[in-house]
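Novice: Make a model of this:
(chains A and B)
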Amino acid sequence: MSFAGPEGSAVAGLPVNAAVPPGGALAAPWALLPMAVHLHPDGRISDAGRTIRKLIGDAGSFAAAFEPLRAARDGSPSPDLPDEGRLFLRLRERPAVTLRGDAMRTPGGGVVINLGFGIGLAEAVARFGLTDQDFAGAELAMEMLFLHEANGAMLAELSRSNLRLEEARRAAEVESFTDPLTGLHNRRGAEVAIGLAVQAAAGFRNMPGLPFSLIHLDLDLFKGINDTHGHAAGDDMLRVTALKLRQVTRADDSVARMGGDEFLLVMPGLVDRTALRRLGRRIVRRIEEPVVLNDVSCRVSASLGVAMSTSYDAPDAARMMGDADRALYAAKVAGRGRVAFADEAG
Amino acid sequence: MHGLVNRFVEEFLRARYGEGVWREVAVACGVDAQGFHSWRAQPDAVTARLIARAARRVAVRPSDLAEDAGAWLAQVEAIRRLLRFGGRDYGEFLQSLDQLPGRAEMVVRGLGLPPLRVSETWSDAFCITLPGGHRLWICAMAGILRQMADDYGALALITTGPGHRIVVEVPERRFASGRSFALVAGGSGLAGEVAA
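Specialist: Predicted coordinates for the structure are as follows:
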């Protein structure tokens, strides 16, 4: 199908040649073509539509107004006039604005070009303050701008939606590793922390590994609190204990409640026996400080079993946890408030 | 119902009546108070239940609440701008309304706005019919039309019903200067600020 629509016939019917004065006979079709330019054979602009005029200002010739984006084909009549056919141009004054359109030779040796905006439409509209009136009714400019706008709004809504999903995912992840009573890690959280510590202890390529210790801790006399003061008081004691453990450990250490009154501490980088013993005693002293529950001063103590990754050729999470547990048992047997090391427990 | 429609009701309740009222209504309707997912459909009944519950909570008629929601929506800057693409003045905007469901569908496939017809009944009066449109949506549409008259600075009298009909009388297309509208502006999301 050929372009026989109103726009096509208007172009075909244009009585354009140098002899016809601008305005006059041209006025009617030019109102339909606000983006058309009529060029004299020497490239001077003889007439320009109202919208393209806004874009090119008072440029007097094709060469002054536009820069062709594609090289001219051989045999073009003059460098000042575009070839017939499809055109890709950029504004000399505003190189960011590109235009596309068609050029047609007129009987008088001049050229008529009719232009439209390409993908840079929104930018051109913003830069030149164009309005609906500036576009020919047949142009899809308004639809394009509508889509441009709608696209932006939809993307904003989509990213809001994604952000919500991401937050929910993160919250669920943290929740699944957290002990709801104390806010410490739960058993799963501890397993992840130990897994990471084992990996770090193994080192990477030529990098030396970072050794670590596990401290398995169990409250002494806790059952008495539950029996005498009730489970709510017992829960309070666990919460206070969690707080104390957090206070005596470093930010990089992982503190977990494994269930009941059992806690597990993962201490990266801390494998000095003397330092560990000192830390263990400090923990015991801190936990032995009395706590007021229901207006009654209550006391518990703690036993600790310690396993150091340096005691193994290749530290293994399950084995180390088992050994720390055995050391804890040995500490309990030896009397409460003690610290025992796995490699000394025998 | 498309998730975006429920999001619209959610954001409206939050903006007009506060987070507390939204949460109350959401919980009463068995809806996640954190809000709807924009791209997850829900049964139509959920939307109607939300409006009914909210209307009872703030003691207004559901139809009035829906109309207010429509007026609010048309004030959300991104939506206002999209609507302003409909025409240069309020009359043109009304005449192009029949393209609105199609335009909306082009942007959000499956949004499912009911089709509407526009006719100029007598001079300066338009009749907008939404055959098969839900009563609440017709009220919301009336709210949108009321707000847009304001936006264009037109004087308009808007009445809903009988049937699936909205009548818009426009004695003055340019009564006041209206709000400015440039074809290209800084972007703003659906949940963006409502312009003052």
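Novice: all helices of the stretch 101-250 of chain A, in order?
Specialist: Taking DSSP state H, counting those that start in this stretch, the helices of the stretch 101-250 of chain A run over residues A:121-128, A:141-176, A:187-202, A:222-229, A:231-248.
Novice: same deal with chain B?
Specialist: Assigned by DSSP state H, chain B shows helices spanning B:3-28, B:44-58, B:62-73, B:77-84, B:90-95, B:100-107, B:135-152.
Novice: mind giving me the domain split of chain B?
Specialist: Annotated domains of chain B cover B:3-59, B:78-172 [automatic domain parsing].
Novice: Name the single longest strand found in chain B.
Specialist: Longest strand of chain B, by residue count under DSSP state E: strand B:165-172.
Novice: helices or strands up against that one?
Specialist: Counting contacts by 3 or more C-beta pairs under 8 Å, 6 or more residues apart in numbering or on different chains; DSSP states H and E, strand B:165-172 is packed against helix B:90-95, strand B:125-129, helix B:135-152, strand B:155-160. (Glycine included, C-beta is placed from N, CA and C.)
Novice: in it, what's buried?
Specialist: Neighbour-count burial for strand B:165-172, counted by 16 or more other C-beta atoms under 10 Å in any protein chain shown, picks out B:165-168, B:170.
Novice: from the residues you listed, which is closest to chain A?
Specialist: Ranked by distance to chain A (C-beta to the nearest C-beta), the buried residues of strand B:165-172 are led by residue B:170 at 19.1 Å.
Novice: My guess is the closest one contacts residue B:155. True?
Specialist: Yes: in terms of C-beta atoms under 8 Å, residue B:170 counts as a neighbour of residue B:155; the distance is 7.0 Å.
Novice: joint contacts of these two?
Specialist: Residues touching both residue B:170 and residue B:155 by C-beta atoms under 8 Å, 6 or more residues apart in numbering or on different chains: residue B:149.
Novice: what's near enough to touch the residue nearest to residue B:96 when sequence neighbours are not counted?
Specialist: Computed as C-beta to C-beta, 6 or more residues apart in numbering or on different chains, the closest residue to residue B:96 that is not its neighbour in sequence is residue B:86, at 4.5 Å. Residue B:86 makes contact with B:92-93, B:96-97, B:99-100 under the criterion C-beta under 8 Å, 6+ apart.
Novice: Restricted to buried residues, select those in PyMOL.
Specialist: A single PyMOL command selects the buried members of the contacts of residue B:86 (16+ other C-beta under 10 Å):
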select buried, chain B and resi 93+97+99+100
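Novice: what would the contacts of residue B:86 look like in CSV with pLDDT?
Specialist: Listed next are those as CSV, based on pLDDT from 0 to 100:
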residue, pLDDT
B:92, 89
B:93, 92
B:96, 90
B:97, 93
B:99, 89
B:100, 91
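Novice: possible to save the contacts of residue B:86 as CSV with distance to residue A:271?
Specialist: Below are the contacts of residue B:86 laid out as CSV (distance: C-beta to C-beta, whole Å):
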residue, distance to residue A:271
B:92, 79
B:93, 76
B:96, 76
B:97, 76
B:99, 74
B:100, 71
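Novice: Can you tell me which of the contacts of residue B:86 lies closest to residue A:301?
Specialist: Checking the contacts of residue B:86 against residue A:301 by C-beta to C-beta gives residue B:100 as the nearest, at 74.4 Å.
Novice: Against chain A, how distant is that closest one?
Specialist: Using C-beta to the nearest C-beta, to the nearest Å, residue B:100 is found at 11 Å from chain A.
Novice: Quick one: residues in contact with the helix or strand bottoming out on mean pLDDT in chain B.
Specialist: Ranked by mean pLDDT, DSSP states H and E, the weakest helix or strand in chain B is strand B:117-122, scoring a mean of 86. The contact list for strand B:117-122, computed with C-beta under 8 Å, 6+ apart, reads B:94-95, B:97-98, B:126-129, B:131, B:167.
Novice: Buried residues of that strand, list them for me.
Specialist: residue B:118.
Novice: quick one: the helix or strand hosting residue A:327 to helix A:187-202, angle?
Specialist: Under DSSP states H and E, the secondary-structure element containing residue A:327 is helix A:317-333. Relative orientation of helix A:317-333 versus helix A:187-202 (axes from the mean of the first three to the mean of the last three C-alpha atoms, to 10 degrees): 110 degrees.
Novice: ok, residue A:85 touching residue A:100?
Specialist: No: at 11.6 Å, residue A:85 and residue A:100 do not qualify as touching, with contact defined as C-beta under 8 Å.
Novice: before we move on, back to that, which of the contacts of strand B:117-122 sit farthest apart?
Specialist: So, the contacts of strand B:117-122 by C-beta to C-beta: farthest apart are B:95 and B:131, at 18.5 Å.
Novice: ok, the two, which is more surrounded?
Specialist: Set side by side, residue B:95 and residue B:131 show more neighbours around residue B:95, with 16 against 11, by other C-beta atoms under 10 Å in any protein chain shown.
Novice: Show the model's pLDDT score for the more buried one.
Specialist: Residue B:95 is assigned 90 on the pLDDT scale.
Novice: Check residue A:345 too.
Specialist: At residue A:345, pLDDT is 60.
Novice: Centre-most residue in chain B?
Specialist: residue B:70 (3.0 Å; C-alpha atoms, centre = their mean).
Novice: For residue B:143, see how far away that one is.
Specialist: Distance of residue B:70 to residue B:143, given as C-beta to C-beta, to the nearest Å: 3 Å.
Novice: now do residue A:135
Specialist: Residue A:135 sits 31 Å away from residue B:143, going by C-beta to C-beta.
Novice: can you redo the domains of chain B as a markdown table with distance to residue A:158?
Specialist: Rendered in a markdown table, the data for the domains of chain B read as follows (distance: least, C-beta to C-beta, whole Å):
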| stretch | distance to residue A:158 |
| --- | --- |
| domain B:3-59 | 7 |
| domain B:78-172 | 11 |
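Novice: Out of the ones you listed, the one nearest residue A:29 is which?
Specialist: Set against residue A:29 and scored by C-beta to C-beta, the domains of chain B come closest in domain B:78-172, at 22.8 Å.
Novice: For that closest one, measure first residue to last.
Specialist: Start and end residues of domain B:78-172 are separated by 26 Å (C-alpha to C-alpha, to the nearest Å).
Novice: of all of chain A, which residue lies closest to chain B?
Specialist: As assessed by C-beta to the nearest C-beta, chain B sits closest to residue A:156 within chain A, at 2.7 Å.
Novice: Now for the residue nearest to the centre of chain B: which residues touch it?
Specialist: Contacts of residue B:70 were listed using C-beta under 8 Å, 6+ apart, and they are B:139-147.
Novice: Most neighbours among those residues, please name it.
Specialist: Of the contacts of residue B:70, residue B:140 is surrounded by the most neighbours, 28 neighbours in total, counting by other C-beta under 10 Å.
Novice: Please report the distance of it from residue B:64.
Specialist: Using C-beta to C-beta, residue B:140 is found at 11 Å from residue B:64.
Novice: what's the answer for residue B:172, then?
Specialist: Using C-beta to C-beta, residue B:172 is found at 26 Å from residue B:64.
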